[in-house]
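In: From the sequence below, what's the structure:
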Amino acid sequence: MAITKNGGYLTLKIHLLNGRLFNRLLSNDGRALYNAEQGKIVSALWDKRPQTASELAQVTGLANSTLTLMLKRLEEEQGLIVSVQDEIDKRKKWFDLTQTGIEQEEVGNQVSDKLSSIFYAGFEDKEIEQLEGYLERILNNLETAMAEIPREDSTK
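Out: Next comes the predicted model:
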């Protein structure tokens, strides 16, 4: 009997459901001032601040057009971030958290902990360790392939 290799499909479904559930948990919490997609940006800034839009795009994986809209909302409508023009390179902007954005980290951590308890329900510590080891290997395989396989020239 042939082994089915559904890891990519399962990972895609897990990613989709994980994001939807994270959004539900955030909105049900009532304290969160951002959604899951915006959470990628504020989380990146919790880890390292300030950052440029290019750095945030790299860390979050968001497309520039999506990132630009989200940054604008996070700053102008939600008051979670602030932007400052670079003093040397006027084309560059730096993004940082406001005090409100900093305070949202506690909410984000608590919601993430809830999601993790759902994600790993029924798993023993050893199983979690094994699973994460396998996922790290898959991630490494994919990152290696991205570095080795050139992007097709779209100007052809």
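In: And the helices in the protein, which stretches?
Out: In the chain, the helices defined using DSSP state H lie at 7-29, 36-47, 53-60, 64-72, 99-119, 125-148.
In: quick one: the most centrally placed residue in the chain from Glu127, how far?
Out: Centroid-nearest residue in the chain, with Cα atoms, centre = their mean: Lys40, separated by 3.5 Å. Distance of Lys40 to Glu127, computed by Cβ to Cβ, to the nearest Å: 27 Å. Glycine gets a C-beta too; all of them are placed from N, C-alpha and C.
In: before we move on, what about Phe22?
Out: Phe22 is 22 Å from Glu127, by Cβ to Cβ.
In: Neighbour count: these two, which is higher?
Out: Phe22 (21 against 11; other Cβ atoms under 10 Å).
In: Export the helices of the chain as CSV, with columns for mean pLDDT and distance to Lys92.
Out: As requested, those are exported to CSV (pLDDT from 0 to 100; distance: least, Cβ to Cβ, whole Å):
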stretch, mean pLDDT, distance to Lys92
helix 7-29, 95, 30
helix 36-47, 95, 16
helix 53-60, 94, 8
helix 64-72, 94, 13
helix 99-119, 97, 20
helix 125-148, 96, 26
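In: Could you look over these and pick the most buried one?
Out: helix 36-47 (a mean of 20; mean count of other Cβ atoms under 10 Å).
In: Just give me how far that helix sits from the chain centre.
Out: 6 Å (Cα atoms, centre = their mean, to the nearest Å).
In: cool, and stretch 19-31?
Out: Centre to centre, stretch against its chain (Cα atoms, centre = their mean), the figure for stretch 19-31 is 15 Å.
In: Run through who's touching it.
Out: Residues from elsewhere that reach stretch 19-31 (Cβ atoms under 8 Å, 6 or more residues apart in numbering): 32, 34-37, 39, 107, 110-112, 114-115, 118.
In: again with stretch 90-109
Out: With Cβ under 8 Å, 6+ apart as the criterion, stretch 90-109 contacts 29, 31-34, 39, 41-43, 45-46, 49-53, 56, 71, 74-75, 79-86.
In: and with 7 Å instead?
Out: Residues from elsewhere that reach stretch 90-109 (Cβ atoms under 7 Å, 6 or more residues apart in numbering): 29, 31-34, 39, 42-43, 45-46, 49-53, 56, 71, 79-86.
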